[in-house]
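Enquirer: Got a sequence here, can you build the structure:
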Amino acid sequence: MNTPAAAVTPPAAKVSLRGHRSFSTYLTGESASLAGTALHGVALPALAILHLKATPGQIALLAFLVQLPTFLLALPAGAVIDRHDKTTVLVATDLVAAAVVAVIPATAVLGTLSLPVLYGVALALGAVTVLHQAAAISIVPQLVEPGLLQQANSRIGAAFGAADTAGTYLGTAVVAVVGAGQAFALDSASYLLSAWCASRIRTAPDRPSIRARRRMAAEIWEGLVYVARTPLVRPLVLCLAGTGFGSALTSTFWAFHLLVPAYRQCCVLLVGTGDQLICTLQCAGLR
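Expert: Take a look at the predicted model:
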């Protein structure tokens, strides 16, 4: 009768993430992938504007296609990931992302680069990114013990924030030095590094579910109901959604300074900043 208790709480259970090889490898790979995504976000509109002479409407369409997979796939992605091995999903999505991004420098060398190519890359990479992020979030409880989840999430937030910022600055520098087209080769390499790291991590096996497998729509609806009925989760989700809207608005139009007068950019920045301020005040209600 005492054996299960000993198995659940082993004497040598980790009390720190220091020396946790799988988590460190996961953090390195995901940070590289996120930095590459940030670099991609800088290089894609720059390539469309500087080399393909895209109009504001074409840039808006490009940004729309980048975000469309998130709108369509974010809800079913979680249910899909729960049905597959998360490590395999991480490796596969990274490899597909590397191949998709490599299309841009390849077509540039062949002289066939065009806006439709960028549209296809934006749409495909957006879909792969949604699946990858869903797996990257849900795999953390399999990497670390329950008592280390708070510490792990704290490190993930700090590392991802730093990687996103570094990727943006790196993307700007790379585009300025070697050009937007060549920057995608570095972006592809970041996904390959992430895939290698994902293949090296070791996770605890998924606990078998005692519930019968249900239809995906029923699982999605259950998640939506849980968010709507939980007092703590509901305002957080609304806050993040609103902040994401403001961030997407500013990131969509930042490249327009190359095409339109600067005073119009001030309007866009004010709208995005005001939207995020509203969300901040909304979050203050949680306290």
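
Enquirer: name the element residue 79 belongs to?
Expert: According to DSSP states H and E, residue 79 maps onto helix 56-81.

Enquirer: centroid residue for the chain?
Expert: Taking Cα atoms, centre = their mean, the centroid of the chain lies closest to residue 133, which sits 4.9 Å from it.

Enquirer: what's the distance between the helix or strand hosting that residue and the middle of its chain?
Expert: Taking DSSP H and E as the criterion, residue 133 maps to helix 115-138. Mean-position distance between helix 115-138 and its chain equals 9 Å (Cα atoms, centre = their mean, to the nearest Å).

Enquirer: other SSEs contacting the next helix-or-strand element following it?
Expert: For helix 115-138, the succeeding helix or strand toward the C-terminus, using DSSP H and E, is helix 140-143. When contacts are defined as 3 or more Cβ pairs under 8 Å, 6 or more residues apart in numbering; DSSP states H and E, helix 140-143 packs onto helix 21-50, helix 149-178. Backbone N, C-alpha and C define where each C-beta goes, glycine included.

Enquirer: Least confident of the ones you listed, on average?
Expert: Among the helices and strands packed on helix 140-143, helix 149-178 has the lowest mean pLDDT, at a mean of 82.

Enquirer: Only the buried residues of that one, if you could.
Expert: Across helix 149-178, burial judged by 16 or more other Cβ atoms under 10 Å covers 152, 155-156, 160, 163, 167-168, 170-172, 174-175.

Enquirer: cool, and stretch 39-54?
Expert: 39-49, 54.

Enquirer: Which helix or strand contains residue 103?
Expert: Taking DSSP H and E as the criterion, residue 103 maps to helix 86-110.

Enquirer: Run the chain-centre distance for that helix.
Expert: Centroid separation for helix 86-110 versus its chain: 15 Å, with Cα atoms, centre = their mean.
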